[in-house]
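**Q** Build me a model from this:
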Amino acid sequence: MAVEKITMPQLGESVTEGTISRWIVSVGDKVNKYDPLAEVMTDKVNAEIPSSFTGTITELVAEDGDTLAVGEVICYIETGEGEALDAAKTDAPKEEASAPAAASNTSAPASATTDADAPNKRRYSPAVLRLAQENNVDLEQVTGTGAGGRITRKDIQAVIESGNIPTSDSKPAAAAAPAQEAPKAEKAAPAPSAPAAASAPKAAQPVNVPVEAGDIEIPVTGVRKAIAANMLRSKHEAPHAWTMIEVDATNLVEYRNSLKNDFKKKEGYNLTFFAFFVKAVAQALKEFPQINSMWAGDKIVQKKDINISIAVATDDALYVPVIRNADEKTIKGIAREITELANKVRAGKLTSAEMQGGTFTVNNTGSFGSVQSQGIINYPQAAILQVESIVKRPVVMDHGMIAVRDMVNLCMSLDHRVLDGLVCGRFLARIKEIIEKMSKENTSIY
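**A** Sure, this is the predicted structure:
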């Protein structure tokens, strides 16, 4: 028998950590190779971690809600492959060696159990460290309720909610702790914790919101934190400019409406307006390749492939799957990919690979009735286009005639380091021209 480690996998080229959203297995469960062990959430995708071995789960190192770095151990599994047991178990003593014996609360001689319990108190996950630092909590004074005395995020949250937050300043007043244990605990504290704690009040200020009776506190998920971080980075680093153009989509509306019922029966999915707009954008990007660019510090990278990111929202998050080589696809092909990607997002089956490589983002804000909006650029892309709701409005036509037309606003945010108003104005004018010419006579969906 042998004990093997399961570690946090890298679920994308830029993913550095993952949050355990739900364990599928428990200690003692027998699993086969490739069976799912846990659901993991990253800043890009939700995914399941499969088992690399057939065997029995012996320990869950992380808990629901814990965030771990790529490569960190999440659980142990005992296999029946006949390998030496002590080879796998030596990992635990190595970790234990970093913790002083004073960390144990028992005066009994150290047994195998107590040896394993003591060091787990200092096996902090990145989420625990971050939460403790943001709230100036001294982890040395927190009692862990996790496996082997491990301090979990729930332990830190309980301390914060109690209002009795143990800080490094409160150590001398801790009457319950024997005098001789205080200096040992201080030595065990990681060196970086001091400057982090010093800066914690500033980091904690924005979240110091009074909570009153009837208020609902909603924990911020890993995906929501990632969205916040990416949007903040985009707004801080990219000087945003904004422009809008008004498009007469009357011919497009009539053409699409004449096709949608037969198309649905034949293909099994909807022919949406959004597919026509994505096609028009892809065509215009081919003609204005400057828009299909990214800022890279000392240079601008103009991308060869036209890979369009589309924003797909769920109840609590926003994902941006990618339609690759959109300029080479038909309207039908784009409509199919939009449907498939949206279904994967809502079913939690979108892969990290399906969110990589986007060069320009198109957001269907019109789907929830918006008529004008200013999007935040999907970093490091140079621009994002918001397709607003198609609405009927009176429009002055040629010769001063007024007619009711189907109008849509296209709103574009641009990174002014990469793009200027002139090229973006021409780009939008070209999309307008393509959309306004879409009709039964001029446009094929196949």
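**Q** so where's the longest strand in the protein?
**A** Taking DSSP state E as the criterion, the chain has its longest strand at strand 402-415.
**Q** how much distance is there from that strand to the middle of the chain?
**A** The chain centroid and the centroid of strand 402-415 are separated by 31 Å under C-alpha atoms, centre = their mean, to the nearest Å.
**Q** What of stretch 69-77?
**A** Using C-alpha atoms, centre = their mean, the offset of stretch 69-77 from its chain centre is 20 Å.
**Q** State the mean pLDDT of that stretch.
**A** The pLDDT scores in stretch 69-77 average 91.
**Q** ok so, going back, which strands border the longest strand of the chain, and is each parallel or antiparallel?
**A** strand 240-248 (antiparallel), strand 383-387 (antiparallel), strand 391-396 (antiparallel) (DSSP bridges).
**Q** Alpha carbons of the last one, as CSV, please.
**A** So the one you mean is strand 391-396. In CSV, the C-alpha atoms belonging to strand 391-396 read as follows (Å, rounded to 0.1, in the frame of the first residue of the first chain):
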residue,chain,number,x,y,z
VAL,A,391,-35.7,49.4,-30.2
LYS,A,392,-38.2,51.0,-32.5
ARG,A,393,-37.7,54.7,-32.8
PRO,A,394,-39.0,57.5,-35.1
VAL,A,395,-36.2,58.4,-37.5
VAL,A,396,-36.0,61.2,-40.1
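**Q** Quick one: residues contacting Lys33.
**A** Taking C-beta atoms under 8 Å, 6 or more residues apart in numbering, we find Lys33 in contact with Pro50, Ser51, Ser52, Phe53, Thr54. For the C-beta atoms, the positions are set from N, CA and C on the backbone; glycine is no exception.
**Q** Kindly report the same for Gly425.
**A** Neighbour list for Gly425: Thr243, Ile245 [criterion: C-beta under 8 Å, 6+ apart].
**Q** just the angle between the host helix or strand of it and strand 383-387, please?
**A** Element membership of Gly425 [criterion: DSSP states H and E] is helix 421-436. Going by axes from the mean of the first three to the mean of the last three C-alpha atoms, to 10 degrees, helix 421-436 is angled at 30 degrees with respect to strand 383-387.
**Q** May I see the buried residues of helix 421-436?
**A** Within helix 421-436, the residues that qualify as buried are Cys424, Phe427, Leu428, Arg430, Ile431, Lys432, Ile434, Ile435, counting by 16 or more other C-beta atoms under 10 Å.
**Q** Now do the helices in this protein.
**A** Using DSSP state H, the helices of the chain run over 85-89, 91-96, 112-120, 126-134, 153-162, 181-188, 193-204, 222-237, 250-267, 273-287, 331-347, 421-436.
**Q** Go through these and name the closest to Gly400.
**A** Gly400 sits nearest to helix 250-267 of all the helices of the chain, at 18.3 Å, using C-beta to C-beta.
**Q** will you turn the helices of the chain into a markdown table that also has distance to Ile74 and mean pLDDT?
**A** Shown next, in a markdown table, are those (distance: least, C-beta to C-beta, whole Å; pLDDT from 0 to 100):
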| stretch | distance to Ile74 | mean pLDDT |
| --- | --- | --- |
| helix 85-89 | 15 | 40 |
| helix 91-96 | 13 | 41 |
| helix 112-120 | 14 | 44 |
| helix 126-134 | 13 | 72 |
| helix 153-162 | 15 | 79 |
| helix 181-188 | 24 | 40 |
| helix 193-204 | 24 | 34 |
| helix 222-237 | 15 | 84 |
| helix 250-267 | 42 | 97 |
| helix 273-287 | 39 | 98 |
| helix 331-347 | 24 | 95 |
| helix 421-436 | 46 | 97 |
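**Q** Distance of the residue with the largest distance to the centre of the chain relative to Glu246?
**A** Centroid-distance maximum for the chain: His399 at 52.4 Å, with C-alpha atoms, centre = their mean. Remark: distance between His399 and Glu246 (C-beta to C-beta, to the nearest Å) = 20 Å.
**Q** Could you do Asn208 as well?
**A** Counting by C-beta to C-beta, the gap from Asn208 to Glu246 is 44 Å.
**Q** Comparing those two, which residue is more hemmed in?
**A** Glu246 (13 against 8; other C-beta atoms under 10 Å).
**Q** Check what pLDDT the more buried one gets.
**A** 98.
**Q** if I pick it, what's in contact with it?
**A** By C-beta under 8 Å, 6+ apart, Glu246 lies in contact with Met407, Val408, Asn409.
**Q** go again using 7 Å as the cut-off
**A** Met407, Asn409 (C-beta atoms under 7 Å, 6 or more residues apart in numbering).
**Q** again with Met407
**A** Listed by C-beta under 7 Å, 6+ apart, the contact set of Met407 reads Glu246, Val247, Asp248, Ala249, Val391, Arg393, Val395.
**Q** What distance do you get for it to Val391?
**A** According to C-beta to C-beta, Met407 stands 6 Å off from Val391.
**Q** For the closest residue to Gly55 other than its chain neighbours, name its beta-bridge partners.
**A** Once flanking residues are discounted, Gly55 sits nearest to Thr79: 3.8 Å by C-beta to C-beta, 6 or more residues apart in numbering. Beta-bridge partners for Thr79, by DSSP bridges, are Ala2, Gly55.
**Q** Does Thr79 touch Thr56 like I think?
**A** No - at 8.3 Å, Thr79 does not count as touching Thr56 under the criterion of C-beta atoms under 7 Å.
**Q** what's around Ala347, how many residues?
**A** Here the number of neighbours of Ala347 (other C-beta under 10 Å) works out to 9.
**Q** what do you get for Asp327?
**A** Using other C-beta under 10 Å, Asp327 has 18 other residues around it.
**Q** What pLDDT does the model give the spatially closest residue to Met397 that is not a sequence neighbour?
**A** Excluding the flanking residues, the one nearest Met397 by C-beta to C-beta, 6+ apart is Ala403, at 5.1 Å. At Ala403, the pLDDT value in this model is 96.
**Q** got it, and Met8?
**A** We note a pLDDT of 90 for Met8 in this prediction.
**Q** let's number from 255 now, not from 1
**A** From this message on, residue numbering opens at 255, which makes the last subject Met262.
**Q** Find the nearest non-adjacent residue to Phe542, please.
**A** That would be Phe681: by C-beta to C-beta, 6+ apart, it lies 4.5 Å from Phe542.
**Q** Pull up the gap between the one you found and Glu541, please.
**A** The value you get for Phe681 to Glu541, if C-beta to C-beta is used, is 8 Å.
**Q** Glu258 too?
**A** 55 Å.
**Q** Pick out whichever of those two has more residues nearby.
**A** Glu258 (18 against 13).
**Q** from memory that one sits against Thr333, does it?
**A** Yes - applying C-beta under 7 Å as the test, Glu258 and Thr333 come out as touching, 5.6 Å apart.
**Q** Can you check which residues contact both of the two?
**A** Shared contacts of Glu258 and Thr333 (C-beta under 7 Å, 6+ apart): Phe307.
**Q** list the contacts for Ile410?
**A** Applying C-beta under 7 Å, 6+ apart to Ile410 gives the contacts Val382, Leu385, Ala386, Val391, Val396.
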